[in-house]
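> The sequence and its predicted three-dimensional model are supplied below.
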Amino acid sequence: MPKTSITLARSVLIKRIVLALSFLFVVSALSFGLERQLNSVYRARRVALSQMSQGGAVLLFAPTEEGEALYGFRQDSNFYYLTGWTEPGAVLLLVPAGTKVALDARPTDYTEILFLPGHNLIREKYTGPKLGAENPDAPKITGFDRVASLNDLPNELVRLLPAGVLPAPPGAVYTDIGGEGASTPSTRGLDWLRRANAFGRTRFEDVVPLITSLRMVKDDGEMALIRKAVAASAASHVAAAHAMRPGINERNIAALMQFEFQNRGCERPAYAPIVGSGPNSTVLHYGANSRQIENGEVIVMDVAGEYSMYTADITRTLPANGHFSPRQREIYDIVLGAQRAAQQAFQSGKSVMTGMGTDSLFRVAYEYMNRHGKDQHGQPLAQYFVHGLGHGVGLDVHDPTHYNQPLKPGMVITLEPGIYIPEEKLGVRIEDMYWVDPTGKLVKLTADLPSTADEVERAMKGSKVVP
């Protein structure tokens with residue numbers, strides 16, 4: 001074979017190898033990075049959302065990769081919930097079955113397209129190869145009926161949503177419109193599309209409440225991931241109990257806990273770790289984690305990890321020297337009693353998290369505190385309960401929830417009463433996670449973690465681990 005032919009053949013072979021390796025990298029990233037649910041699960045969610053849109057289309061933008069994030073790029077939770085797609089810059093378009101296409105006045109079938117950005121070869125040298133629409137296996141990998149280039153989005157909108165296709169009412173384009181003056185990936189994307197004249201006579205509606213209704217109820221796959229996040233995070237709290245002692249720094253405890261849950265598979269903290277000792281125990285979202293822990297203090301540790309995009313949220317309060325003082329134990333027992341009172345009052349399909357109504361779990365905890373303790377001036381303790389009783393947990397640590405609706409099977413929540421008395425430099429918060437099972441029973445997901453004052457003190461007698 002002539003030398004030039006050999007060189008050409010080698011060049012072609014090298015290109016094929018590079019393309020194959022890039023494909024394998026994408027597939028392995030999808031298969032062995034996060035624990036991802038089956039493509040059919042995400043498709044079922046998209047179909048359900050399309051059916052909720054009352055004949056409207058759904059258009060949702062993923063965030064772009066900007067700068068060097070501390071823990072790398074994290075997909076928008078709503079976008080991930082519907083797609084299972086973790087890469088930046090994509091766009092989701094859903095068009096419901098039955099929409100009349102003006103070009104031939106025939107109803108369309110249900111249409112779903114994932115638009116992927118073009119390759120930025122310089123950027124990919126830093127972030128790794130990305131899947132592109134040109135890959136023939138892109139639909140199989142992503143689970144979408146069709147994958148197209150982001151450059152095709154304006155033309156596809158003109159084709160699928162020409163003037164008059166989605167009448168008003170009832171049709172619309174559902175997207176993340178954000179609050180007044182808010183800038184979201186979708187609002188920025190809409191500005192780009194408007195400049196490209198990609199829309200006809202179309203009104204826009206907020207898709208977030210519809211997605212929230214779906215996300216509030218967790219399926220079996222989601223629960224498996226949440227349980228793994230809880231298990232890893234609970235292990236970090238046990239390690240902190242073993243390591244706690246006067247003289248150690250709050251940051252040592254925060255670092256140890258982060259190591260423990262990441263060593264068990266969590267990709268990042270679910271939120272900024274809070275380790276507040278003494279006066280810092282009364283600061284709800286204390287974040288410096290820089291104070292040396294002193295003898296006789298309590299430490300509030302609100303720390304948890306995120307496992308395959310699903311979060312945990314756990315808080316425990318420890319005595320620095322392993323023993324609660326009488327006053328510390330009194331306040332601790334009142335907080336725990338308030339949590340248990342709310343737990344026992346729960347009724348599926350009836351109880352709500354907020355307000356002071358007859359079905360409010362917050363009211364149950366608030367009134368328990370007022371009945372069972374006072375401050376140093378003889379005033380009821382509920383005045384020192386200055387936040388809500390709990391919230392939804394899932395893809396976000398404060399998962400979107402319709403709090404005016406009763407709790408029902410499939411929902412995951414926290415119950416986290418707290419009392420914070422700055423005058424006494426004494427704060428106590430106990431936060432556990434709960435799941436409403438299919439029978440309507442409230443199941444404590446963090447039941448294996450020490451909870452009572454006696455259990456906490458026994459746990460602290462374990463092996464002392466110095467970070």
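Done, it's in. Keep in mind that what you see is a predicted model, and the values were worked out from it rather than measured.

> Residue 411: what's it in contact with?
For residue 411, the contacting residues are 216-218, 392, 401, 435-436, by CB atoms under 8 Å, 6 or more residues apart in numbering. C-betas here are computed from N, CA, C, even on glycine.

> Give me the distance between it and residue 438.
Distance from residue 411 to residue 438, counting by CB to CB, to the nearest Å: 11 Å.

> Check residue 264 too.
Counting by CB to CB, the separation of residue 264 from residue 438 is 28 Å.

> now swap in residue 52 and tell me
From residue 52 to residue 438 the distance is 22 Å (CB to CB).

> Between the two, point out the one with more neighbours.
Shown here are residue 52 and residue 438; by other CB atoms under 10 Å, residue 52 has more neighbours (17 against 9).

> What separation do you get for the more buried one and residue 302?
Counting by CB to CB - residue 52 and residue 302 are separated by 35 Å.

> Need phi/psi at residue 249.
For residue 249, the backbone dihedrals (degrees, to the nearest 10) come out as phi -90, psi 150.

> Helices of the stretch 51-200 of the chain, residue ranges please.
77-83, 121-127, 138-142, 153-160, 185-195 (DSSP state H, counting those that start in this stretch).

> okay, those, which one's buried deepest?
Among those, helix 77-83 has the highest mean neighbour count (mean count of other CB atoms under 10 Å), at a mean of 22.

> out of everything not next to it in sequence, what's closest to the residue nearest to the spatial centre of the chain?
Among the residues of the chain, the one closest to the centroid is residue 396, at 1.9 Å (CA atoms, centre = their mean). Leaving aside its chain neighbours, residue 396 sits nearest to residue 77 (5.2 Å; criterion: CB to CB, 6 or more residues apart in numbering).

> Residue 206: neighbouring residues, count only.
For residue 206, using other CB under 10 Å, the count is 15.

> now do residue 55
17.

> Show me the shaky parts of the protein.
Low-confidence segments of the chain, defined by pLDDT under 70: 1-33, 67-68, 99-108, 162-171, 179-182, 196-198, 200-201, 463-467.

> picking that back up, mind putting the contacts of residue 411 into a markdown table with neighbour count, distance to residue 259 and secondary structure?
Formatted as a markdown table, those follow (neighbours: other CB atoms under 10 Å; distance: CB to CB, whole Å; DSSP: H, G, I helix; E, B strand; the rest coil):
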| residue | neighbour count | distance to residue 259 | secondary structure |
| --- | --- | --- | --- |
| 216 | 20 | 33 | coil |
| 217 | 14 | 34 | coil |
| 218 | 23 | 28 | coil |
| 392 | 23 | 28 | strand |
| 401 | 23 | 31 | coil |
| 435 | 20 | 27 | strand |
| 436 | 22 | 32 | strand |
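
> In those residues, find the pair that's most separated.
Across the contacts of residue 411, the longest distance by CB to CB is 13.8 Å; it joins 401 and 435.

> could you say what helices and strands the strand or helix carrying residue 254 packs with?
Using DSSP states H and E, residue 254 sits in helix 250-263. If you count contacts as 3 or more CB pairs under 8 Å, 6 or more residues apart in numbering; DSSP states H and E, helix 250-263 packs onto helix 220-243, strand 268-269, strand 274-277, strand 298-302, strand 305-307.
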